[in-house]
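>>> Sequence first, predicted coordinates after that:
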Amino acid sequence: MATSYALLLFCNLTFFAFLASITIGSSFVATDSELVERICNQTAPYYKFCKDVLNSDPRTPGADGATLAYVAFELANRNASSTQDQITLLLSNSTGLLHQHLEQCHLDYATAIVKTFLALTDLDQKTYGRLTYGRLTYFASMTGEQAKDCESAFDGTKSPLANNNNDLYGLSVICVALAKWLNV
């Protein structure tokens, strides 16, 4: 009899723990999407892009602000690196004015890669404070400026990098929003 009572108590406690884990897990999911929502609300007109980009990464569910910043800076770094590879290919088949514009973009994207790498290094060190978040804001802003500078190099002509530049600029807007949110 005592054994069946202990078994019943154990089963009830196990079931209660299971229900509690489901309830707690669902509240974390709601909070996560609220954080993404709060960040993306600060990125107009890149709101949809922000939600799509952050939610495309498997680290986003359950992520805190620092992890979301890492996701955004890493995506910006990947974008800058792949775009620089694309520019290298375009440079090998270009001449004249197009070649000059692409050379400018190659420099811009090299700078963007460095800035996003420095931001990731700061985030890796996990020594958060106003100085770190100020640096993150600066690195994100500079990354966005590089995308705009590349696009303006094609002033009056069609840029073969317009989508890349727009994406990198959008990622930089997300990075700035996250850096500012972390600095509060």
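Thanks, I have it. Residues are numbered from 1 along each chain as shown.
>>> Check which helix or strand Ala44 maps to.
Counting by DSSP states H and E, no helix or strand carries Ala44.
>>> actually Asp57, not the one I wrote
Per DSSP H and E, there is no helix or strand for Asp57.
>>> Name the nearest residue to it, sequence neighbours excluded.
Leaving aside its sequence neighbours, Asp57 sits nearest to Val71 (Cβ to Cβ, 6 or more residues apart in numbering; 4.7 Å). To be clear about C-beta, it is placed using only N, CA and C from the backbone, and glycine gets the same treatment.
>>> average pLDDT across the helix or strand encompassing Gln104?
With secondary structure defined by DSSP H and E, Gln104 is part of helix 96-125. Taken as a whole, helix 96-125 has a mean pLDDT of 95.
>>> What's the local residue count around the residue nearest to Asp57?
Neighbour count for Val71, taken as other Cβ atoms under 10 Å: 22.
>>> Could you do Leu161 as well?
Counted with other Cβ under 10 Å, the neighbours of Leu161 add up to 23.
>>> rewinding a little: going by neighbour count, which residues of the helix or strand the residue nearest to Asp57 falls within are buried?
Val71 is part of helix 65-92, with elements assigned from DSSP H and E. For helix 65-92, the neighbour count (16 or more other Cβ atoms under 10 Å) marks 65-77, 79-81, 83-84, 86-87, 90 as buried.
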